[in-house]
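**Q** Everything below, folded, please.
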Amino acid sequence: ERGDAAPVNLNFATLPSAQGWTYSGDLPENTVYAVDGTKLTQTLVGQSDALGQYAFADAPDAGMRTTIRLRARGTDYEVFGGSFTLGFRVGAGDGNWYWQFGLTDTAVMVQNSGMVNVDTTVFHDYRLETRPNGMVALYIDDMLEVSGMGSAATIDAVVFGDITRFENVNFEMTEFSITQ
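**A** This next block holds a predicted model:
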C-alpha cells in the first residue's frame, strides 16, 4: 500500500506509464493513447475489439475515503455486441471493495448502482467518491447522479481505459486525480 495516501495527479506531458501507471492492452500503448500537454487521448474506434487500459497499483488505501476526479468527453463510439459494456471506464479497488463507472455516448453507468442518461460527447466533470463501507457516489458536474454499493473484490488499484471486446470509445481527458 502507498501508506502516505499522497494525492495522485495525472499530467498530460507524458503518457501515464511514465508516471507510475502500468499499461496493458492488445495494441502498443502509443497506438491507443497520446498526450499533447493539455490532454490524454484514447483512440480505439476502428481498432476492432482491441483493449487498452492503465492501472495504478496499491491505490486507494483500504479504510480511507477516496475521491477520483476527471474531466473527460467521448469523441467517437462504436458497439460490437449491442450492450453496455464499458468501452471506457474508471475503477478503483482498495483490496476489500471495487467500484467503477463506465460510459457510452449517451449514458454513464455505475457498477451495481444504476445508470443515468447524459451526453458524454461534451466535457463533463466526473467525481467518484468511495467509502470504506463499500458505498459509492458518482457526481457529474457537481450533481449527485448515482449512488449505491461497490462489489466485494481483492483488486488493489485504480484503473481507467477500455476493458471490453464489445465497445470502443475515443475519449479526451483533461484532468485526473486521486485523493484520500
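**Q** do you know how far the most centrally placed residue in the chain is from residue 6?
**A** The centre of the chain sits closest to residue 90, judged by Cα atoms, centre = their mean, with a distance of 1.7 Å. According to Cβ to Cβ, to the nearest Å, residue 90 and residue 6 sit 19 Å apart. From N, CA and C alone the C-beta is placed, and that goes for glycine too.
**Q** give the contact list for residue 103.
**A** Neighbour list for residue 103: 74, 86-89, 109, 120, 169 [criterion: Cβ atoms under 8 Å, 6 or more residues apart in numbering].
**Q** To be precise, which single item in those has the lowest pLDDT?
**A** The lowest pLDDT within the contacts of residue 103 belongs to residue 86, with 66.
**Q** OK, contacts around residue 121?
**A** Applying Cβ under 8 Å, 6+ apart to residue 121 gives the contacts 73-75, 105.
**Q** Now restrict those to buried residues only.
**A** With burial judged by 16 or more other Cβ atoms under 10 Å, the buried subset of those is 73-75, 105.
**Q** in what helix or strand does residue 93 lie?
**A** Per DSSP states H and E, residue 93 falls inside strand 88-94.
**Q** Quick check: neighbours of that strand in the sheet, parallel or antiparallel?
**A** Next to strand 88-94 in the sheet, as set by DSSP bridges, lie strand 97-103 (antiparallel), strand 156-162 (antiparallel).
**Q** can I get the CA coordinates of the first one in CSV?
**A** So that's strand 97-103. Extracted in CSV, the C-alpha atoms of strand 97-103 (Å, rounded to 0.1, in the frame of the first residue of the first chain):
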residue,chain,number,x,y,z
TRP,A,97,-14.2,-3.3,-2.4
TYR,A,98,-14.3,-2.4,-6.1
TRP,A,99,-16.1,0.5,-7.6
GLN,A,100,-16.4,1.5,-11.3
PHE,A,101,-18.2,3.7,-13.7
GLY,A,102,-18.3,3.5,-17.5
LEU,A,103,-19.7,5.5,-20.3
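**Q** my read: residue 180 touches residue 60, true?
**A** Yes - at 5.7 Å, residue 180 and residue 60 qualify as touching, with contact defined as Cβ atoms under 8 Å.
**Q** When the two are compared, which one has more neighbours?
**A** Of the pair residue 180 and residue 60, residue 60 is the one with more neighbours under other Cβ atoms under 10 Å, namely 29 against 18.
**Q** quick one, helices of this structure?
**A** Under the criterion DSSP state H, helices of the chain are mapped to 29-32.
**Q** So what's the residue count around residue 133?
**A** When neighbours are defined as other Cβ under 10 Å, residue 133 has 10 of them.
**Q** that older thread, please identify the deepest-packed of the strands paired with strand 88-94.
**A** By mean neighbour count, with neighbours taken as mean count of other Cβ atoms under 10 Å, strand 97-103 ranks first of the strands paired with strand 88-94 at a mean of 25.
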